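Student: Using only what follows, build the 3D model:
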Amino acid sequence: MVKNGLAVIGFICIVLLPLTVLSASPQEDIQNFQNYFLKLFPGVEKDEFGNGVYAIDAVARQNWIAIEEFPPYEPFVDEGKVMWETPFANGKTYASCFPEGPAQRKNYPRWDKQRSMVVTMELAINDCRIANGEKPLKYAKGQLASLTAYMAYESRGQIIDVKIPLDDPKALAAYEQGKQFWLKRMGQLDLSCAHCHARNAGRQLRSDVLSPALGHVTGWPVYRSKWGEMGTLHRRFTGCNEQLKARPFDPQSEQYRNLEYFLTIMNNGLSFNGPSSRK
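Tutor: Residues are numbered from 1 along each chain as shown. Model (predicted):
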């Protein structure tokens, strides 16, 4: 199938065809998803996609490199480190829930068979707080973003390798729901995630270049100049829905956790490199 001179293969065909027509396995999805972007941007190394739009926009990349000399997320990493080391009222710390230490990105998102749901790192942090008698933190920004910034920093270089348990059909269903969310047209603009970040990746939208979906999950949380602070991946999901003039879901809703699960699986093999800074 050819579109605008490019062979739109496998997974990306779903953007243009009804979902019921295709029945690719997750492994086939990963291969087709990643091959699409590698062919669309032939000069970009696979792991380089983890730098987002800066992997494909040379001018923006130079500005980003300059900013990274004194990264604006550093104070938030420091705040997160203090949070990690500060005991709860019961005397325990986050290490009581995460015995491997703060470098946890490789473990999330994951399928929790007992709870029949996707568990993200942010959700696990609040589970830890609740188990230790503390109030949960807000999911989009603030202290949770700082703590995850520190944990992401400690996790840099870990390889994404999210697996779907083959013995649990509910896990595959969650993956499929995340995939369908990514492909579904929504809002008054009647566009999907895939329209912007697959079909039109690299093209300009007003003054911005649309980033490729390969690499979308690697660098979170991020400091955005637009926000003037750190924000989580689900904060960005919310913003994207709002830009489409669609009603967003709450951060850490089942819809967004399943979307994160799907997108992270599509990025298997890339390195985690958060926290990061974005425009």
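Student: For the rest of this, base every contact and every neighbour count on C-alpha atoms.
Tutor: Noted.
Student: domain assignment for this structure?
Tutor: Annotated domains of the chain cover 2-69+166-271, 74-154 [automatic domain parsing].
Student: May I ask you to confirm that I56 is in contact with V44?
Tutor: Yes: in this structure, I56 is within contact of V44 by CA atoms under 8 Å, at 7.3 Å.
Student: among the domains of the chain, which is nearest K279?
Tutor: The closest of the domains of the chain to K279 is domain 2-69+166-271. By CA to CA, the value is 5.3 Å.
Student: Now do the closest one: distance to the chain's middle.
Tutor: Computed by CA atoms, centre = their mean, to the nearest Å, the chain-centroid distance of domain 2-69+166-271 equals 8 Å.
Student: any idea which of the domains of the chain scores lowest on pLDDT?
Tutor: For the domains of the chain, mean pLDDT drops lowest on domain 2-69+166-271, to a mean of 89.
Student: thinking again about what came up before, Throw the domains of the chain into TSV and include distance to K279 and mean neighbour count, thanks.
Tutor: Formatted as TSV, the domains of the chain follow (distance: least, CA to CA, whole Å; neighbours: other CA atoms under 10 Å):
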stretch	distance to K279	mean neighbour count
domain 2-69+166-271	5	18
domain 74-154	16	18
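Student: Which of these sits closest to S277?
Tutor: If you check each of these against S277 by CA to CA, domain 2-69+166-271 wins as the nearest, at 4.6 Å.
Student: what are the ranges of the strands in this structure?
Tutor: Along the chain, counting by DSSP state E, strands occupy 2-3, 6-7, 110-112, 117-119, 204-205, 208-209, 222-224, 229-231, 276-278.
Student: Now tabulate those in JSON lines and tack on distance to L189.
Tutor: Listed next are the strands of the chain as JSON lines, based on distance: least, CA to CA, whole Å:
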{"stretch": "strand 2-3", "distance to L189": "22"}
{"stretch": "strand 6-7", "distance to L189": "25"}
{"stretch": "strand 110-112", "distance to L189": "32"}
{"stretch": "strand 117-119", "distance to L189": "29"}
{"stretch": "strand 204-205", "distance to L189": "14"}
{"stretch": "strand 208-209", "distance to L189": "18"}
{"stretch": "strand 222-224", "distance to L189": "24"}
{"stretch": "strand 229-231", "distance to L189": "25"}
{"stretch": "strand 276-278", "distance to L189": "24"}
